[in-house]
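Visitor: Sequence unavailable; structure follows:
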């Protein structure tokens, strides 16, 4: 079965850094578009960054451009999110998302989330 397991969250001071990881299993990781989403209390879940298959093209939310970097290691079936210059407004639960086509339909899966808290 498909599993997405996030790790690396925690408490960090403003201006600090964290690296999130998403370990994937149960599907062909290299064939999936992978994304990070986040959800702050009382707010809707929002897209943070996406990394595509093949050449690994990326997209970022305007709010994180220049501070966050999404990457993937297909040999390790793992996606990362390097977060630098963290701000209190980055506080949220961060979720890993996988989407891929198989058997003529789109499959989509979510991880359980990892909490990131930015506070002094």
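Guide: Good, I have the coordinates. Everything quoted here is computed from the prediction, not taken from an experiment. Numbers count the residues shown, from 1 in each chain.
Visitor: can you pull out the strands in this protein?
Guide: Taking DSSP state E as the criterion, the chain contains strands spanning 3-7, 10-12, 18-25, 33-39, 46-51, 58-60, 68-73, 78-83, 92-102, 105-110, 114-118.
Visitor: In TSV, list those strands along with mean pLDDT and mean neighbour count.
Guide: For every residue, glycine as well, the C-beta is placed using N, CA and C. Below are the strands of the chain laid out as TSV (pLDDT from 0 to 100; neighbours: other Cβ atoms under 10 Å):
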stretch	mean pLDDT	mean neighbour count
strand 3-7	97	17
strand 10-12	98	14
strand 18-25	98	19
strand 33-39	98	21
strand 46-51	98	18
strand 58-60	97	14
strand 68-73	96	18
strand 78-83	98	22
strand 92-102	96	19
strand 105-110	95	12
strand 114-118	98	18
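Visitor: Without its sequence neighbours, what residue ends up closest to residue 114?
Guide: Distances taken as Cβ to Cβ, 6 or more residues apart in numbering put residue 9 closest to residue 114, at 3.4 Å, once the chain neighbours are dropped.
Visitor: can I assume the one you found is in contact with residue 115?
Guide: Yes: between residue 9 and residue 115 a contact is recorded at 4.8 Å, counting by Cβ atoms under 8 Å.
Visitor: Find the residues that touch each one of those two.
Guide: residue 94 (Cβ atoms under 8 Å, 6 or more residues apart in numbering).
Visitor: Do you know the pLDDT at the residue nearest to residue 114?
Guide: pLDDT recorded at residue 9 is 97.
Visitor: what's the neighbour count on it?
Guide: 19 (other Cβ atoms under 10 Å).
Visitor: ok, it - contacts?
Guide: So residue 9 contacts 18, 20, 94, 114, 115, 116 (Cβ under 8 Å, 6+ apart).
Visitor: Mind listing the residues bridging to the second one?
Guide: In this structure, residue 20 has the following beta-bridge partners (DSSP bridges): residue 81.
Visitor: again with the fourth one
Guide: Taking DSSP bridges, one finds residue 94 as the beta-bridge partners of residue 114.
Visitor: give me every residue that touches it.
Guide: So residue 114 contacts 6, 7, 8, 9, 20, 93, 94 (Cβ under 8 Å, 6+ apart).
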